[in-house]
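S.K.: My questions are about this predicted structure, shown below with the sequence.
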Amino acid sequence: MTPTQPVTLTSVLTCPVCQHAQAEQMPTDACQWFYECTSCHTILKPLAGDCCVYCSYGSVPCPPIQEQGKGACGCC
């Protein structure tokens, strides 16, 4: 049996418009569908096929995806 990897709760979101990177704490109980860039104020939304902004623009995917694998977050 393979040991389970610890879940990372901090992700660096990178804005696709201005390339500003911001470390954020991810929620563990819900997917985050919107995020306002702290630099240019663009509202980020998940890309097609992703459950949240962390899976689309983050350095690590959201906690449910980390635990269960791609497409298995159960929120959508």
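M.R.: Everything's here; your move. Nothing here was measured: the structure is a model prediction, and the numbers come from that model.

S.K.: So residue 17 sits against residue 41, correct?
M.R.: No: assessed by Cβ atoms under 8 Å, residue 17 is found out of contact with residue 41, at 9.5 Å. In short, each C-beta sits where N, CA and C put it, glycine included.

S.K.: element containing the residue most central in space within the chain, please.
M.R.: Among the residues of the chain, the one closest to the centroid is residue 54, at 1.2 Å (Cα atoms, centre = their mean). When elements are assigned from DSSP states H and E, residue 54 belongs to helix 53-57.

S.K.: Can you name the next helix or strand after that helix?
M.R.: helix 63-68.

S.K.: Using neighbour counts, pick out the buried residues of that following helix.
M.R.: By neighbour count on 16 or more other Cβ atoms under 10 Å, the buried set for helix 63-68 is 63-66.

S.K.: picking that back up, now for the helix holding residue 54, which elements pack on it?
M.R.: Contact partners of helix 53-57 among helices and strands, from 3 or more Cβ pairs under 8 Å, 6 or more residues apart in numbering; DSSP states H and E: strand 10-14, strand 43-44.

S.K.: what's in contact with it?
M.R.: Helix 53-57 is touched from outside by 11, 13-16, 24, 26, 32-35, 44-47, 50, 60-62, 65, with contacts defined as Cβ atoms under 8 Å, 6 or more residues apart in numbering.

S.K.: quick one: contacts for residue 34?
M.R.: Contacts for residue 34 (Cβ under 8 Å, 6+ apart) come out as 43-45, 53.

S.K.: Equivalent analysis for residue 60, please.
M.R.: Residue 60 touches 8, 10-11, 54, 66, counting by Cβ under 8 Å, 6+ apart.
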